[in-house]
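J.: requesting a structural model of the entry that follows:
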Amino acid sequence: MKRLFNRKWMIFFGLAMWVLVVRTLSGCTVNGDNGDKVRDMDFTVVADTDIPQELKQIIAEKQQSPFKLTYSDDKNLYIVVGYGKQASGGYSIAVNDLYLTDNSIVLDTELIGPEKGENAGTEPSYPFIVIRTEMSELPVVFQ
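T.: Next up, the predicted model:
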């Protein structure tokens with residue numbers, strides 16, 4: 001009986017070692033996104049009057065703090081970046097890049113402050129940008 005028990009343990013141990021060696025030598029890798037640009041994406045900066053009503057409500061709820069979100073309807077993907085409360089007006093947002101990789105959409109934006117000497121006012125502002133692009137189920141990476 002003891003001999004049978006030892007033989008089962010030896011077989012189990014041998015199989016476990018074989019699995020460990022095979023997994024190690026096969027270099028188990030996940031095919032990830034290396035971030036290389038596949039192509040630039042066409043986009044439109046959406047005017048306030050053209051933003052879908054539901055998206056306007058979401059933006060209004062989140063505008064106090066910086067935020068990033070995506071929203072889609074039947075035809076378009078909307079990508080929104082908000083920079084939260086700013087001390088004055090006169091801010092603008094530049095889209096530096098919007099491109100497609102193998103596994104994601106990458107968006108790079110930049111907040112540009114008021115220029116020196118510009119009358120930006122004293123009222124706080126909540127700068128955000130809404131970008132409309134082609135419909136996609138890929139995740140958006142914000143840079």
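J.: look up the pLDDT of residue 129 for me, please.
T.: Predicted confidence (pLDDT) for residue 129: 96.
J.: any idea which helix or strand carries it?
T.: strand 128-134 (DSSP states H and E).
J.: sheet partners, orientation included, of that strand?
T.: Strand pairing for strand 128-134, using DSSP bridges, gives strand 43-45 (antiparallel), strand 76-83 (antiparallel).
J.: check which helices and strands the strand or helix carrying residue 58 sits against.
T.: Secondary structure from DSSP H and E places residue 58 in helix 53-62. Helix 53-62 sits against strand 66-72, strand 76-83, strand 128-134, with contacts defined as 3 or more Cβ pairs under 8 Å, 6 or more residues apart in numbering; DSSP states H and E. Quick note: C-beta positions are derived from backbone N, CA and C, even for glycine.
J.: what mean pLDDT does the first one get?
T.: In this model, strand 66-72 has an average pLDDT of 95.
J.: tilt between it and helix 53-62?
T.: Counting by axes from the mean of the first three to the mean of the last three Cα atoms, to 10 degrees, strand 66-72 lies at 170 degrees to helix 53-62.
J.: who touches strand 66-72?
T.: 52, 54-55, 58, 62, 77-84, 128, 135, 140, 142 (Cβ atoms under 8 Å, 6 or more residues apart in numbering).
J.: now with 6 Å?
T.: 55, 78-84, 140, 142 (Cβ atoms under 6 Å, 6 or more residues apart in numbering).
J.: before I go, just wanted to say thanks for your time.
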